[in-house]
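1. build me a model:
(chains A, B and C)
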Amino acid sequence: MIKPYLKYILPVILPLIILLLPSDSFGIDGLTLVEQRVIAIFVMAALCWVLEPIPIYATSVLIIVFELLLISDNGLWFATNGHPEVQGTLIKQSTIMATFASPIIMLFLGGFFLAMAATKYRLDVNLARVLLRPFGSSPKYVMLGIMMITAVFSMFMSNTATTAMMLSILTPVIALFAKEDIGKVAFALSVPVAANIGGIATPIGTPPNAVALKYLVDEYSVSFAQWMVIGVPFVVVMLLVAWVLLNRLFPADTKTIHLDIEGQFLKTPKAYLVYVTFASTIILWLLGGVHGMSAYVVAMLPVAIFSMFKIITKEDLKNISWDVLWLVSGGIALGVALDKSGLASNAVNAIPFDSFHPLVLIVGASMMCLVMANFMSNTATANLILPLVAALGASMTSLIPFGGQVVLILAVTFSASLGMSLPISTPPNALAYASGHIKNTQMLKVGVILGSIGLLVTFAMLFILNKLGVVGI
Amino acid sequence: MKKYLKYLLPVLVPFIILLLPASSFGIDGMTLVEQRVIAIFVMATLCWVLEPIPIYATSVLIIVLQLLLISDKGLWFTKSAPAEELGHLISHKALMGTFASPIIMLFLGGFFLAMAATKYRLDVNLARVLLKPFGQNPKFVMLGLMMITAVFSMFMSNTATTAMMLSILTPVIALFGRDDLGKVAFALSVPVAANIGGIGTPIGTPPNAVALKYLVDENNISFGEWMVFGVPFVVVMLFIAWLLLTTLFPASIKEINLNIKGRFLKTPKAITVYVTFVITILLWLMGGLHGMNSYVVALIPVAVFSMFKIITKEDLKKISWDVLWLVSGGIALGVGLDKSGLAANAIEAIPFAELHPLLLIAGASALCLLMANFMSHTATANLLLPLVAALGASMHSLLPYGGEVVLILAVTFAASLGMSLPISTPPNALAYASGHVETRQMAKVGVVLGIIGLLITYAMLYVLNQLSYVG
Amino acid sequence: MDKINIICVDDEREVLESVSRDLAYFADMFNIEECESAFECEELLEELDAQQEYVGVIISDHVMPEKSGVELLTEVALDHRFLGTKKLLLTGLATQADTIRAINNAKLDNFLEKVWDPQELQQTVKELLTEYIVEKGLEYEDYIEKLDPPTLYRLIKC
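-> Modelled structure (predicted):
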């Protein structure tokens, strides 16, 4: 184990050393001062996210502030007065600050508004009640139902909120299981697994997807609907795999179970407005090009409607997970810096990645992402790996037969959501583990198997989709 | 006015404007985008004046309508006209970016400072220490209270400052005799001082931040420069307000004791808060020396406080996001007027140059003062400042009087001087809720201070211009 | 990880020790403090506040010399510095009038009768701590092993 104080010292010392090194020691021709500082900021971010000496969203704020101080046109006096040749291009302060409200953040904000309104007007619980009915009372099928519903919800709500809601529905049921009935494990695990997987299906399902959108631009741009065309089948396959696996590993002895969810759909005018807005927003997202609005603009519609009609009041605004939005902003800011400073293209040119086989790169990058996502925040993982991978993907011509940059980015993004073998991997895992029904080893087993299968399914699916011409060039 | 009108008008009038032929506005070569900007502006005005929806929701609505109607990612039919007729579409990124424009970041930094100060009780403890030298004579205690309220409201929200000071005052006011007019003076002193104090710094109150958006390039005013004229103005106004309150409502009680408990926290986190607070303000005041502008400086406390968990992610949620969004809407409105080219076009079409510039300054600030008395100060500033800025930029006859800056500052100050009704500002509402103040009394003080304030603003700007400090 | 305290107040040494013993389950993550009088508790509260530590739960006896438990808890309820602190009255000798005052003025969160069931006390404190941590917005992940899952699931919204 590393010494506890190292986690505070390393993120300070290493970036400082990088800042102070002469610029020719990096082996990149013509490295400017700005580029060198970007490297230092990146290293600091990586260390802070991996070692977590400070909260992960604080790392994002730190990235943005250091970018403002060191590489912006309004930075510290000594950081902006170099010779233009040596110094490189400074980035505009408003560009860096605007990452706090980049279109991707707005997309997420729209998602938060939908989720908050759905929870406030009990659309989530009521939908769960209605949708679970057809699954009968055999534990096997009830579990399938729970997993499907959890997955669908987590496509539009935060994985954590979905997990908490479904677990609170499940808790009284699990309590009725016999003491040694191993089915308890299956039920308690089914929810976080489904929530983690479900998040993959839409761009707003989980923050790593949003981060990926930042790099899927121009000819590689993926619309909301296109993402779902890829994501939903993947989620369905993975859910079935997970369901079979959980049933095999932890078969339930109980013969029938009854989920008792009370309540009825609210029928006030405001509730109807929520239902209608929810449905129309999703439809508009799916229609994509037809109405001319991008997914980002569509996301602002529920924000306007819900605040106009006081469905989301200014008190409710406070329930938004601003820390999640800021965490994503930090990732975007990191990408902006790598890109606009010119470092991304410079560095990639300097390192002979082209000698790699492109498949090695795809597999290697996504495996690394999966491993990291198991130990740290999925979003932080995506924040770190995606800008690198995007830069690589853009420059590697040998990738093109395999679908190019898109395939690489999607593979890595999906693997960021597949890290779920430890209680600390994701908040849903932590919540399920807290129920006390699951052992570490059980979660590990399920997580590792699903992670590996998930990667294989991702590769297979991307290969097929590429052949069919749905993704890539 | 009929009740339903407030819902009907903000929908109908903008619609009519959208459907009118472009030639009916009397502006040559007006494009479709410009026409839509007018419609959005009218809608914003009606929504902020009539308040059918929450004021921050109006801001969101402005941004969304702009995205739908005049952005490059808007509705399909909004982009289909030939380029000549259509005009310039605005990039959706620029419009969304208003939610995180540098001005918003400045305010965010201010919120972080204020939240940390409250959380670590710096505000209460400072109030305790600073009030001590003012003794026990009601007159001077009141002066002390007003000074401290004003100083705090330069960095904290006026509402939060008022709430804090009133909670210190409440037990004291309870000791006053039943018919002692001094109660009124004390209860009024706090909101008055908070409203006036907000003028002292760019982050003191949202209208100032909105004004900064229009003070760019050669008109740019730094944090320190603002305070150079803002603080003296506040001092003079406070003094006048103090004289007015003690004359109108003399206290018959002879001595009062403010009893504020507590001591300065000395934990490492608390000390971090003190140090960061001081350093941030110093950096703001030093302006040019370190190269960072005030917007960048504002993010330093944000980083420090979130790193050391002084502001946790839960505290983040307590930020008044609605205020930030309200300001964003104003900025978006300005972006729309400016980037669509409407501002420049419209001013050319209307013969403002014939107006006497002093008439314009006096007229605009009087209008602003009037509006600020009846609606949100920020909304007033959001509406008037973009118009005034466009006017000011085009009017050459203004130059001898200091040009655009003088006009903008006069209007901005006027926006903060509207305080004659309980609904004028949240601090007024809080003081009115204490039950010690009658509307009539508040109106008298508010009207007198508003008029004197305007006159002082003119005098000050005139002097500053003569000294060539502004303009 | 933030320091969260559980304070037990009782004038009888043995009772205090026995409460502490029943709460030993929490000892590795939370700080358990013992006070023999309401005044001692007030001093401790001042001290903890000066260190900016959190007070999660106060478990107090009612009948104590000089100052009663209900009086103590009422003061805590009115002190804005301890907003959200959970208050549990643990007593065998409360009259109906005391109980009414305790609920109305001290905004009691829970009431247990002496002699108590250790299991029940532990479960109650667990629930109260969970509520405190989520409501205060502390990092519940840090304490999750000692929290009550159903309460946690109910309270987490995002």
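2. residues contacting residue 150?
-> No chain was given, so I picked chain A. By CB atoms under 8 Å, 6 or more residues apart in numbering or on different chains, the residues touching residue A:150 are A:162, A:163, A:166, A:190, A:191, A:194, A:195, A:198. In short, each C-beta sits where N, CA and C put it, glycine included.
3. right idea, wrong chain: chain B
-> B:193, B:194, B:196, B:197, B:200, B:234, B:238.
4. per-residue confidence at it?
-> Predicted confidence (pLDDT) at residue B:150: the value is 96.
5. hang on, the earlier thing: top of the contacts of residue A:150 by neighbour count?
-> residue A:195 (35 neighbours; other CB atoms under 10 Å in any protein chain shown).
6. so that residue touches residue A:152, yeah?
-> No. Residue A:195 lies out of contact with residue A:152 (CB atoms under 8 Å); the separation is 10.4 Å.
7. how near is the residue of chain A most remote from its centre to residue B:356?
-> Using CA atoms, centre = their mean, the residue of chain A lying farthest from its centre is residue A:83. It sits 40.0 Å away. Distance, residue A:83 to residue B:356, by CB to CB, to the nearest Å: 51 Å.
8. can you confirm residue B:418 is in a strand?
-> No. Going by DSSP: H, G, I helix; E, B strand; the rest coil, the assignment for residue B:418 is coil, not a strand.
9. just checking, it touches residue B:367?
-> No. Between residue B:418 and residue B:367 there is no contact under CB under 8 Å: 11.0 Å.
10. list, one by one, the residues from chain C near chain A.
-> C:141, C:144, C:145, C:147, C:149, C:150, C:152, C:153, C:154, C:156, C:157, C:158 (CB under 8 Å from any CB of the partner chain).
11. center of chain A, which residue is that?
-> Central residue of chain A (CA atoms, centre = their mean): residue A:208, at 2.3 Å.
12. and that residue, what's its pLDDT?
-> 96.
13. tell me the contacts of it?
-> Contacts of residue A:208 by CB under 8 Å, 6+ apart are A:378, A:379, A:381, A:382, A:386, A:413, A:416, A:417.
14. kindly recompute the last result at 6 Å.
-> Counting by CB atoms under 6 Å, 6 or more residues apart in numbering or on different chains, residue A:208 touches A:378, A:379, A:382, A:413, A:416.
15. what of residue B:340?
-> B:33, B:34, B:37.
16. for it, grab phi and psi.
-> phi -70, psi -20 (degrees, to the nearest 10).
17. what do you get for residue A:294?
-> Per degrees, to the nearest 10, the backbone of residue A:294 is at phi -80, psi 170.
18. how much space separates it from residue B:73?
-> The spacing between residue A:294 and residue B:73, counted by CB to CB, is 4 Å.
19. and if you look at residue B:195?
-> Taking CB to CB, one finds residue B:195 at 41 Å from residue B:73.
20. between the two, which is the more surrounded one?
-> Per other CB under 10 Å, whichever of residue B:195 and residue B:73 has more neighbours is residue B:195, with 32 against 21.
21. hmm, the more buried one is touching residue B:417, no?
-> No. Assessed by CB atoms under 6 Å, residue B:195 is found out of contact with residue B:417, at 7.5 Å.
22. which positions in chain C make contact with chain B?
-> Contact residues, chain C versus chain B (CB under 6 Å from any CB of the partner chain): C:51, C:52, C:137.
23. and the residues you listed as a markdown table, adding neighbour count?
-> Putting the residues of chain C next to chain B into a markdown table (neighbours: other CB atoms under 10 Å in any protein chain shown) gives the following:
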| residue | neighbour count |
| --- | --- |
| C:51 | 13 |
| C:52 | 19 |
| C:137 | 15 |
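24. closest to chain A out of these?
-> Set against chain A, the nearest of the residues of chain C next to chain B by CB to the nearest CB is residue C:137 (10.4 Å).
25. does the closest residue to the closest one other than its chain neighbours belong to a helix or a strand, and which?
-> Residue nearest to residue C:137 in three dimensions, not counting chain neighbours: residue B:314, with 2.3 Å by CB to CB, 6 or more residues apart in numbering or on different chains. Remark: residue B:314 resides in helix B:313-316, with elements defined by DSSP states H and E.
26. so how far is residue B:208 from the residue of the stretch 351-471 of chain B found nearest chain C?
-> Here the stretch 351-471 of chain B gets closest to chain C at one residue, residue B:430, 16.9 Å apart by CB to the nearest CB. Per CB to CB, residue B:430 is found 21 Å from residue B:208.
27. of these two, give the one with the bigger neighbour count.
-> residue B:208 (29 against 21).
28. secondary structure element holding the closest residue to that one other than its chain neighbours?
-> Among residues not flanking residue B:208 along the chain, residue B:202 sits closest, at 4.9 Å (CB to CB, 6+ apart). Take DSSP H and E as the rule and residue B:202 turns out to sit in neither a helix nor a strand.
29. mind listing what residue B:202 touches?
-> By CB under 6 Å, 6+ apart, residue B:202 lies in contact with B:208, B:212, B:223, B:226.
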